[in-house]
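>>> no sequence on hand, only this structure:
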Ligand SMILES: Cc1cc2ncn([C@H]3O[C@H](COP(=O)(O)O)[C@@H](O)[C@H]3O)c2cc1C
Ligand SMILES: O=C(O)c1cccnc1
């Protein structure tokens, strides 16, 4: 607990500033999303992402019983706590329906229900069998107070480690509006008469009793309002402590968390008294009709997003507002900027839209320094680079047929290659017929020998000893063709550089190569042939360009360095020597 309490990160003003800049660049009048703009900026600061994403919400509901319920301060009996928890687990409580509708997992934690809960899905972590009745004695010991906060921390941390990126925390505990109101009365120094409301629908008589009991208990237990633990242990509840712990853990992990009604907000005030930095990670969802809620929100400096007169608890208010907040993340991500949509912007010239990049904190699945959250895990990212670095041009094949599923995936990878104007100029001729392959091999062999004339003496011998194809070994050859007429005469982006169709087809081939490598399948690009020969053998029309012959098959091994490097034909140039800054640099320039 001390780790979490002592190390809550501050707001990130730089990210907030960049987010504000982007928000003002979106195609809408400045400030037109009202209060929701502030929510977006706060989310950016909390998550240190200019474009925050909330993809994995999680609901935690903490439940416990209260000694004070013996005084008849609720319209319902204590046993309803356990019954409602079972109802939640069966998916039939308001909170369960709201969570299910949004596909959000919900976990109920029993922090101290008096009876055994009759459902296996409840996480049982009882700190006691209900609190003591604070009319007579402190609700709990200091040890219990710390334990329930610790349970809240652990519950959040478990789900954070599984990828949760926003939390709704709810509570269930008959009698807990009395407990919360007592806490708020002491923390805020306000009289219970101002704060007590109708709770679950109590009579005027019960309301009067509720006020009197709180007043008497505060007098009797004389809490030290400057000591949050003293106040909490005297009037709190186990579920309220767990909610406070959950808020602390969210703040520690830079995870946004939604407040619900009066009970969770009392827990928030307790958490903020332990460390005021928690506040920066809390979002007020709604204002409940319990009078104490408005006072508590005001004390925290929060303006609730909505006032719908809700007074249910269970996280129901927060769950109702959550979609609005998540939509705002999509707005931030997907709304066009004035510049992108070519809409005239009176507020920005081209120059002042440039901004310094910002560096976020590291940690999977976020890439360090990225302004957005990436949806690639570290393992997935590494896999992409592995395929790129381990790709080889293969010329030795095993005769085994290629798995049909793998072949389809490789072709689909090609088909998802980038193409200018989306013209998709490619076709794939799958050649398995041995007679046809032999014909192809003969023309390739003829070209290979002819090309040897380009080299002299020893270099020529060297060239002729290189194996340039495995056409007859591989079970499959794919002829990739390019149709420059596809998409009509005016393909977007192809008007000034006509060969972009060919570039697109090349990109498709590279995709195939990488996919094949990941499938453990070798691919060799054969390019020593006369196009006319290949057109004749494969009956390709005159206007279609046979770009590549790809031998495809399993191979005994993928060399760790390219074959031509291994045999000394060439070596990989230094990347550094190929990169220029701002303009083409002459070698003379760099020597100076
Ligand atoms: C059926 C039912 C479902 C609830 N869900 C939340 N609460 C809410 O009401 C209780 C607090 O009110 P009081 O202090 O008056 O007992 C808490 O359990 C709170 O979560 C419920 C209450 C009832 C009766
Ligand atoms: O404000 C709330 O969330 C609330 C009010 C009454 C009863 N239960 C919850």
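Structure's in. What do you need? All figures in this text were calculated on a predicted structure; none of them were measured in a lab. Ligands and ions are numbered 1, 2, ... in the order given.
>>> look at the residue in the chain sticking out farthest from the centre and report its pLDDT.
Largest separation from the mean C-alpha position in the chain: residue 457, at 60.7 Å (C-alpha atoms, centre = their mean). Note for residue 457: predicted pLDDT of 81.
>>> any idea how far residue 464 is from it?
12 Å (C-beta to C-beta, to the nearest Å). For every residue, glycine as well, the C-beta is placed using N, CA and C.
>>> likewise for residue 157?
Per C-beta to C-beta, residue 157 is found 66 Å from residue 464.
>>> neighbour count: the two, which is higher?
Comparing residue 157 with residue 464 by other C-beta atoms under 10 Å, the one with more neighbours is residue 157, at 18 against 13.
>>> look at the more buried one and report its pLDDT.
pLDDT for residue 157: 98.
>>> ok, residue 61 next?
Residue 61 is given a pLDDT of 98.
>>> what residues are bridge-paired with it?
When assigned by DSSP bridges, residue 61 has beta-bridge partners residue 108, residue 170.
>>> what about it, how many neighbours?
Counted with other C-beta under 10 Å, residues neighbouring residue 61 total 30.
>>> then residue 51?
Residues near residue 51, counting by other C-beta under 10 Å, number 20.
>>> again with the one 3 residues further on
Burial of residue 54, expressed as a neighbour count using other C-beta under 10 Å, amounts to 20.
>>> mind listing what it touches?
Residue 54 is in contact with 43, 165, 166, 256, 325, 326, 329, counting by C-beta atoms under 8 Å, 6 or more residues apart in numbering.
>>> beta partners of residue 427?
With DSSP bridges as the criterion, residue 427 is bridged to residue 481.
>>> what's the closest non-adjacent residue to the residue of the stretch 301-450 of the chain found nearest ligand 1?
Using C-beta to the nearest ligand atom, the single residue of the stretch 301-450 of the chain nearest to ligand 1 is residue 313, 2.8 Å away. Once flanking residues are discounted, residue 313 sits nearest to residue 261: 5.2 Å by C-beta to C-beta, 6 or more residues apart in numbering.
>>> ligand 1 versus the one you found, what's the distance?
Going from residue 261 to ligand 1 by C-beta to the nearest ligand atom, to the nearest Å gives 8 Å.
>>> that residue contacts residue 286, doesn't it?
Yes - contact criterion C-beta atoms under 8 Å: residue 261 and residue 286 qualify, at 7.4 Å.
>>> who has more neighbours out of those two?
Per other C-beta under 10 Å, whichever of residue 261 and residue 286 has more neighbours is residue 261, with 29 against 24.
>>> ok, that one - contacts?
Neighbours of residue 261 in contact, by C-beta under 8 Å, 6+ apart: 286, 288, 290, 293, 310, 311, 312, 313, 317.
>>> residues contacting the closest residue to the last one other than its chain neighbours?
Closest residue to residue 317 apart from its sequence neighbours, by C-beta to C-beta, 6+ apart: residue 286 at 3.9 Å. Applying C-beta under 8 Å, 6+ apart to residue 286 gives the contacts 260, 261, 304, 305, 306, 307, 308, 310, 317, 318, 320, 321.
>>> could you check how far the residue nearest to residue 313 is from ligand 2?
Using C-beta to the nearest ligand atom, residue 261 is found at 2 Å from ligand 2.
>>> mind listing what residue 105 touches?
Counting by C-beta under 8 Å, 6+ apart, residue 105 has contacts 58, 59, 99.
>>> cool, and residue 383?
residue 518.
>>> report the secondary structure state of it.
Three-state call for residue 383 (DSSP: H, G, I helix; E, B strand; the rest coil): helix.
>>> still on that earlier bit, quick one, which of the contacts of residue 286 are buried?
With neighbours counted using 16 or more other C-beta atoms under 10 Å, the contacts of residue 286 contain these buried positions: 260, 261, 304, 305, 310, 317, 318, 320, 321.
>>> and residue 328, how many neighbours does it have?
Per other C-beta under 10 Å, the neighbour tally for residue 328 reads 19.
>>> sweet, I'm off.
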